[in-house]
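Participant: any chance you could fold what I've pasted below:
(chains A and B)
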Number of protein chains: 2
Amino acid sequence: MNAPTRIEMLVIGDELLDGRVVNSNATRVGRALAELGFGIAEVTTIPDDLTVIVRAAQEISARGTQLCLVSGGLGPTADDLTSAAFATLADRPLVRDETAASHIVAWLSARGRSVTPNQLKQADRPQGARLLVNPVGSAPGFDLTVLGCRFLSAPGIPAELDAMFTASIYTELAELGARTARRTLLTFGLIEAEVDQRLAAMPLRWPQVRVAFQVKFPEIHVVLTASVAHVADLDAAMAFAREALGVHLFATTPCRFAESVLATLQARGATLAIAESCTGGLISHLLTEVPGSSQTLLAGVVSYANAAKLEILGVPESVLAQHGAVFEATVLAMAEGVRRISHADYAVAASGVAGPSGGTPEKPVGTVYIAAIGATFAAARKLALPFDRSGNKLLSAYAALDLLRQHLLAVEPSPKSAEYP
Amino acid sequence: MNAPTRIEMLVIGDELLDGRVVNSNATRVGRALAELGFGIAEVTTIPDDLTVIVRAAQEISARGTQLCLVSGGLGPTADDLTSAAFATLADRPLVRDETAASHIVAWLSARGRSVTPNQLKQADRPQGARLLVNPVGSAPGFDLTVLGCRFLSAPGIPAELDAMFTASIYTELAELGARTARRTLLTFGLIEAEVDQRLAAMPLRWPQVRVAFQVKFPEIHVVLTASVAHVADLDAAMAFAREALGVHLFATTPCRFAESVLATLQARGATLAIAESCTGGLISHLLTEVPGSSQTLLAGVVSYANAAKLEILGVPESVLAQHGAVFEATVLAMAEGVRRISHADYAVAASGVAGPSGGTPEKPVGTVYIAAIGATFAAARKLALPFDRSGNKLLSAYAALDLLRQHLLAVEPSPKSAEYP
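Facilitator: Numbering: from 1, shown residues only, chains lettered A, B, ... in the order given. Below is the predicted model:
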């Protein structure tokens, strides 16, 4: 096969159109092809309907597509119509493949299942189509070129589809070589328009480098791609973007934000404790999602009631009486308290009004104070957040961790650069 | 509008084709339409490319589609091309909508952000298109009939798309008449096959009622639907399912599991505290996602290091020395400790090995102890979980809360029934 210039995907199944199942096959095939340096031009999702399958395949071919990966409709039930549809499309009979029938019988027998006629239907495929063996299930697939397009068809069950495409088309494409290279920049602390503005010069300076943005609230990811012939441009653009994004860039490989914060602490051999009010445990939760976080995180206190701030964290009664739970002095005292009782090197804290109720004219919903402290520094910030309760919690958690991360990078620099890894 | 006979969806975004983002908008729109008694005939997913958007919209119209919901490509950056593409398709100029521009300026100003020219680009739409207001973000959408098909375009950000389609097309479709009725049962504590088994008699007794399962790990949701003509069958089946699912049924309207736990406590005027080790703050986070949880939740302690278990929670050194951090006596002492220091009526605790490392032959990865205590009872359970770190944390958090919920319902019954609300 020559390298295909246009690849599409055809996804077949009623359950993908009425919200019962997420189209994860398209996501995984897209990722697999991107890793091999290829791209999917279009994904079409249609129901288990013979006429619709035939029409969609005709349209795919008419768009000049050379390779189409097909998912679904190969099972034993009456609504599995993919083989019949492609036989119709190719104007060939549907024939039973004896190798595939034997595989189905052996597969079911080995599992103590009886062989019903509808199970054997899975061995039917358009005459002349090449068999795609299913190493992890009973339903085989097929490889058929018709109307100038090569269609590879696999069952919709994710593990079966992955195994069959890996053993067939992914291997073939890998041998054709990667055509595009890609770089990723993960940022926090800027909104999408601000990231865009900082990178505005790039399309003019490096026109061969494509810039795409992805909002993964509250992170903004930037993906740079270029053909392998322009990888030098890509690297130059990457260096520019690093500089332009500065401390807001926290990673250049896929990783969690909390992972980069923990790595910044681990590079300094430091430990951490958390005091939370409005974030309600989320800061600790984000950190403890990272394997190995127990080396760094010693303790967290969710001091939701004022009594907990007083008695567990030792926030002075005078501070609470004078300023209330949502104030700079209070959040600093919370951080100091948890640092003291946990004996951690650093502590972060957050207290605020997450909403939807609880706001006052002075401290409306979205007013949050965050703090970060160590033996030799203490910093606090006020945030005014516009999101719903969950969004305000999440942004506050990120901002509190980022306050510490930025202080560590600026005040106590290590040989490691701002972003991780 | 008359009831559309053919509805399609057009999803725009490079990130959906290269595996960076799952096409969850198509899933949610499909589910929303199914609930309204309508179906999506086809979903087309394409890149941020003006020519491709125009061509795809032409094909959608040529298939006889009367209504097409469009997602994505309405943001501020250079790769957001949906408005420009539909202007090209309709052969009309792209005009700046002053109402939308004012909304963008007001939205950004209220959040202390400056208004950059690319932000105002979001106010551009094809001349004659109706504005779709965005109640939760800056980018508006549009409603444009061209080539005999009505296209409704919303940003790809899920919360914004949901809010805009709910306020526009879903409301319109709902008025065209709900053709089906639906009941939902939310369960925790059974696997899908067990739920299926308990409800196995239903299809025979009430053949007009469709039973569908939805796994929202670690919850299993059961959705019963029937035509409005068979609503009596639906209610009979619902009563049967309530009985069959028993205490594992926690709600019959959409709600969070933590919400049902909090409601069970609130019905008794009781307060709660949390001590967490392996769940790392997740139990507190789940509870504090619920508005008003501060009435019930007093405090949480994430005693990740053993020193925190000893010093903050007062777990006896002898218990830790004899049994380690992962044991029944330890998790009970953690619950007692946090109940004492927070003065709460009830406390739950979890300690275990979330993985991926940290297991031993005696306590392999997935070994978790959970506890729930009150003034007059104490209960603990051992779990052996098979999931990854995130899954083990989540199931442990649910199981710890459920231990308390079931005790409250069984030991201290109130007039309220098992499920909430």
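
Participant: just the strands from the stretch 201-350 of chain A, written as ranges.
Facilitator: A:210-216, A:219-227, A:249-251, A:272-276, A:297-302, A:346-352 (DSSP state E, counting those that start in this stretch).

Participant: nearest to A:Leu234, out of these?
Facilitator: Smallest distance to A:Leu234 across these (CB to CB): 4.2 Å, for strand A:219-227. All C-beta atoms are positioned from the backbone trio N, CA, C, and that covers glycine.

Participant: show me the contact partners of stretch A:187-198.
Facilitator: With contact meaning CB atoms under 8 Å, 6 or more residues apart in numbering or on different chains, stretch A:187-198 is reached by A:213, A:215, A:218-222, A:244-245, A:247-250, A:257, A:398-399, A:402, B:75-78, B:113, B:116, B:118-119.

Participant: any idea how far that stretch is from the chain center?
Facilitator: 19 Å (CA atoms, centre = their mean, to the nearest Å).

Participant: avg pLDDT for that stretch?
Facilitator: Stretch A:187-198 shows a mean pLDDT of 92.

Participant: for that stretch, measure first residue to last.
Facilitator: Terminal residues of stretch A:187-198 lie 12 Å apart, using CA to CA, to the nearest Å.

Participant: looking at the strands of the stretch 201-350 of chain A, spot the one closest to chain B.
Facilitator: Proximity to chain B (CB to the nearest CB) singles out strand A:297-302 among these, at 3.3 Å.

Participant: what's the angle between the closest one and strand B:297-302?
Facilitator: 180 degrees (axes from the mean of the first three to the mean of the last three CA atoms, to 10 degrees).

Participant: which helices and strands sit right next to strand A:297-302?
Facilitator: Counting contacts by 3 or more CB pairs under 8 Å, 6 or more residues apart in numbering or on different chains; DSSP states H and E, strand A:297-302 packs against strand A:272-276, helix A:282-288, helix A:328-342, strand B:297-302, helix B:306-311.

Participant: and chain A, what are its domains?
Facilitator: When chain A is parsed with automatic domain parsing, its domains come out as A:7-176, A:180-251, A:257-411.

Participant: wait, does the longest one contact chain B?
Facilitator: Think domain A:7-176. Yes - residues of domain A:7-176 contacting chain B under CB under 8 Å from any CB of the partner chain: A:16-24, A:26-34, A:39-47, A:52, A:56, A:59.

Participant: hmm, which of those residues are the buried ones?
Facilitator: Buried members of these, counted by 16 or more other CB atoms under 10 Å in any protein chain shown: A:16-24, A:26-30, A:32-34, A:39-47, A:52, A:56, A:59.

Participant: where in chain A is pLDDT low?
Facilitator: Low-confidence segments of chain A (pLDDT under 70): A:177-178, A:412-421.

Participant: which one in it is furthest away from the centre?
Facilitator: A:Ser318 (45.7 Å; CA atoms, centre = their mean).

Participant: who's in contact with that one?
Facilitator: Residues in contact with A:Ser318 (CB under 8 Å, 6+ apart): none are found.

Participant: among the strands of the stretch 201-350 of chain A, which is nearest B:Ala307?
Facilitator: When those are compared by CB to CB, strand A:297-302 sits nearest B:Ala307, at 7.0 Å.

Participant: show me what that closest one pairs with in its sheet, parallel or antiparallel.
Facilitator: Next to strand A:297-302 in the sheet, as set by DSSP bridges, lie strand A:272-276 (parallel), strand B:297-302 (antiparallel).

Participant: tabulate those strands in a markdown table, adding columns for distance to B:Ser390 and mean neighbour count.
Facilitator: Listed next are the strands paired with strand A:297-302 as a markdown table, based on distance: least, CB to CB, whole Å; neighbours: other CB atoms under 10 Å in any protein chain shown:
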| stretch | distance to B:Ser390 | mean neighbour count |
| --- | --- | --- |
| strand A:272-276 | 19 | 32 |
| strand B:297-302 | 16 | 30 |
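
Participant: among these, which is nearest A:Tyr304?
Facilitator: strand B:297-302 (5.2 Å).

Participant: just give me how far the closest one sits from the chain centre.
Facilitator: For strand B:297-302, the distance to the chain centre is 24 Å (CA atoms, centre = their mean).

Participant: put the alpha carbons of it into PDB.
Facilitator: What follows is strand B:297-302, C-alpha atoms only, in PDB (Å, rounded to 0.1, in the frame of the first residue of the first chain):
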ATOM      1  CA  LEU B 297     -20.100  18.400  56.900                       C
ATOM      2  CA  LEU B 298     -18.000  19.900  59.700                       C
ATOM      3  CA  ALA B 299     -14.500  18.800  58.900                       C
ATOM      4  CA  GLY B 300     -12.300  16.300  57.000                       C
ATOM      5  CA  VAL B 301      -8.800  15.100  57.700                       C
ATOM      6  CA  VAL B 302      -6.600  13.600  55.000                       C
END
